[in-house]
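>>> what follows is a protein structure lacking sequence information:
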Ligand SMILES: Nc1ncnc2c1ncn2[C@@H]1O[C@H](COP(=O)(O)OP(=O)(O)OP(=O)(O)O)[C@@H](O)[C@H]1O
Ligand SMILES: Cc1ncc(CO)c(N)n1
C-alpha cells in the first residue's frame, strides 16, 4: 500500500498528500533513492502484515464497565495493554460506579452481547478470554452458548457474584446458572472468598477451608480453580489456593497495606488471560498474574473518597510520577 502510494506520488506529485521531507527526498536524491524507499515500504508492509497475522497476542474480556475506571473492562484492558496483549471487549453491562460503590447498573441485551462476541471472533484470532461481571442469567447463558458454539476453551471465569465486602451482586438464579453452566466451561475459575463459599457450599475461615473449597469447586467441572484470599483476614489476604485435580498449591505474597484495592480481582483474572494469550501454561500464568497484582497494589492510586484502583502501569508511575505522592 505504501509502495503504491509512493509510486502514485512520484508520477503525479500534485495529487498526493506528501510531506516536505518526501518532496525533498524526490528532488535531492533522485529516482534510485525513490525506488529504494519504495522497496523499504514494501518490506515494512510485509513485515507488519506477517506480524499482524501470527505474532500479536489477542485477548478478550467479557465484562461490565466501571465508570470510575478502577475495575471491569477498564481494568482488564489496561492489564492486557501492560502485558503487550491486544485487548478486545464484549460489554455486558454499564455500572454507575466510583471508589465508594455502585449506584446503578444497566444490562446490555443478550443480542448485543452475542453480536459483539461474534463480530470479534469471526475476525481475530483470540488467544484467551476472561469473563467478569455478567450480571444476569440471560447474559451468562448467552456467553456459555457462544463459547460452546465457537468451541473456545481457553477461558478464565471470574465468577463475579459477591463483592469482597460480602454484598451479593447478582440474583440467586444467575448464581445457579454461573455454577451449573459457565464454571464447567472454564479452564480456570477465580472465585473470591465469598464466591467460593457459595460455589463450595461451605464457610471459609482458614487456609484449610480454602483448600477444601478449591477441591469442591473443581468438582463442578472447571479444569482448575484459584480461590482468592483478598476477603480473608491477616496474612491470608495475600494467599490464593490453586487446585487442578492434581496439584494443590498455596500461592503467597506479601500483604500490601493499602485501602486502595478496587479491581484486584478483575486485574488478576485479566492478567491470567493475558498470560494464557501469550502461550504460558495455566499455573505459570496464574503465578505471574498474582505477582503482577501484588506489584500493582504497591502502586495503588489514592484517588476518590473510597477505595482507589491498583496502579496498573506501575512501571511508568515508578519513574515518572513518584513525586506526585498519589500512591497509597
Ligand atoms: N492487601 C493485599 N495484599 C496482597 N495481595 C492482596 C491484597 N488484597 C488482595 N490481594 C490479592 O489480590 C487478588 C484478588 O483477590 P480478591 O480476593 O481481592 O479478589 P476480588 O474480591 O474478586 O476483587 P475485587 O475487589 O476486584 O472484587 C488475590 O491474588 C489476592 O491474594
Ligand atoms: C464492572 C465491574 N466489574 C467487576 C467488579 C468487581 O470488582 C466491579 N466492581 N465492577
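Nice, thanks for sending it over. These numbers come from a predicted model, not from an experiment. Ligands and ions are numbered 1, 2, ... in the order given.

>>> what segments of the stretch 1-150 of the chain are strands?
Ranges of strands in the stretch 1-150 of the chain, per DSSP state E, counting those that start in this stretch, are 58-66, 86-98, 101-107, 128-131.

>>> near ligand 1, which residues of the stretch 151-300 of the chain are found?
Residues of the stretch 151-300 of the chain found near ligand 1 (C-beta under 6 Å from any ligand atom) are 163-164, 192, 228-231, 237-238, 240, 253, 255-256, 261-266, 268, 290, 293-294, 297. Where you see a C-beta, it was placed from the backbone N, CA and C, and this is true even at glycine.

>>> narrow those to just the buried residues.
Among those, those classed as buried by 16 or more other C-beta atoms under 10 Å are 163-164, 192, 228-231, 237-238, 240, 253, 256, 261-266, 268, 290, 293-294, 297.

>>> just those: which are in helices?
Secondary structure from DSSP state H places 264, 265, 266, 268, 290, 293, 294, 297 of these in helices.

>>> wait, the second one sits on residue 229?
This points to residue 265. No. Under the criterion of C-beta atoms under 8 Å, residue 265 is not in contact with residue 229, lying 11.1 Å apart.

>>> how near is residue 128 to residue 64?
19 Å (C-beta to C-beta, to the nearest Å).

>>> does residue 238 touch residue 257 like I think?
No. Using C-beta under 8 Å, residue 238 makes no contact with residue 257, being 10.6 Å away.

>>> neighbours of residue 202, how many?
The number of residues packed near residue 202 is 13, by other C-beta atoms under 10 Å.

>>> could you give the number of residues near the closest residue in space to it that isn't next to it in sequence?
Among residues not flanking residue 202 along the chain, residue 213 sits closest, at 6.1 Å (C-beta to C-beta, 6 or more residues apart in numbering). Look at residue 213: counted by other C-beta under 10 Å, it has 25 neighbours.

>>> my guess is residue 213 contacts residue 195. True?
No. At 9.8 Å, residue 213 and residue 195 do not qualify as touching, with contact defined as C-beta under 8 Å.

>>> pLDDT for the ones in helices among the buried ones among the residues of the stretch 151-300 of the chain next to ligand 1 - can I get that in TSV?
TSV is the format used below for those (pLDDT from 0 to 100):
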residue	pLDDT
264	97
265	97
266	98
268	98
290	98
293	97
294	97
297	96
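
>>> for stretch 159-172, measure first residue to last.
13 Å (C-alpha to C-alpha, to the nearest Å).

>>> quick one: residues contacting residue 273.
59, 60, 61, 76, 80, 128, 129, 130, 156 (C-beta atoms under 8 Å, 6 or more residues apart in numbering).

>>> so the one helix or strand it maps to, near ligand 2 or not?
Using DSSP states H and E, residue 273 falls within helix 264-277. Yes. Residues of helix 264-277 are located near ligand 2 by C-beta under 6 Å from any ligand atom, namely 265, 266.

>>> cool, stretch 183-197 as well?
No. Shown here: stretch 183-197 not in contact with ligand 2 (C-beta under 6 Å from any ligand atom), separated by at least 8.9 Å.

>>> show me what counts as buried in that stretch.
Using 16+ other C-beta under 10 Å as the test for burial, stretch 183-197 gives 183, 185-197.

>>> so which of those are in helices?
Counting by DSSP H, the part of these found in helices is 193, 194, 195, 196, 197.

>>> mind putting those into TSV with pLDDT?
As requested, those are exported to TSV (pLDDT from 0 to 100):
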residue	pLDDT
193	96
194	95
195	95
196	97
197	96
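
>>> quick one: low-confidence ranges for the stretch 201-328 of the chain?
By pLDDT under 70, the low-scoring segments of the stretch 201-328 of the chain are 317-328.

>>> repeat that for 80
Applying pLDDT under 80 to the stretch 201-328 of the chain flags the ranges 314-328.

>>> around ligand 2, which positions in it sit nearby?
Residues of the stretch 201-328 of the chain found near ligand 2 (C-beta under 6 Å from any ligand atom) are 263, 265, 266.

>>> ok, so of these, who is nearest residue 302?
residue 263 (14.3 Å; C-beta to C-beta).

>>> which single residue of the chain ends up nearest ligand 2?
Closest to ligand 2 within the chain is residue 72: 2.8 Å, counting by C-beta to the nearest ligand atom.

>>> now do the same contact list for that residue.
Residue 72 is in contact with 63, 64, 65, 66, 95, 97, 132, 133, 263, 266, counting by C-beta under 8 Å, 6+ apart.

>>> quick one on the thing from earlier: tell me which of the strands of the stretch 1-150 of the chain sits nearest to ligand 1.
strand 58-66 (9.7 Å).

>>> what packs against that closest one?
helix 72-82, strand 86-98, helix 110-121, strand 128-131, helix 264-277 (3 or more C-beta pairs under 8 Å, 6 or more residues apart in numbering; DSSP states H and E).

>>> now the ones you listed in JSON lines, with distance to residue 315?
Converted to JSON lines, these look like this (distance: least, C-beta to C-beta, whole Å):
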{"stretch": "helix 72-82", "distance to residue 315": "8"}
{"stretch": "strand 86-98", "distance to residue 315": "18"}
{"stretch": "helix 110-121", "distance to residue 315": "28"}
{"stretch": "strand 128-131", "distance to residue 315": "22"}
{"stretch": "helix 264-277", "distance to residue 315": "14"}
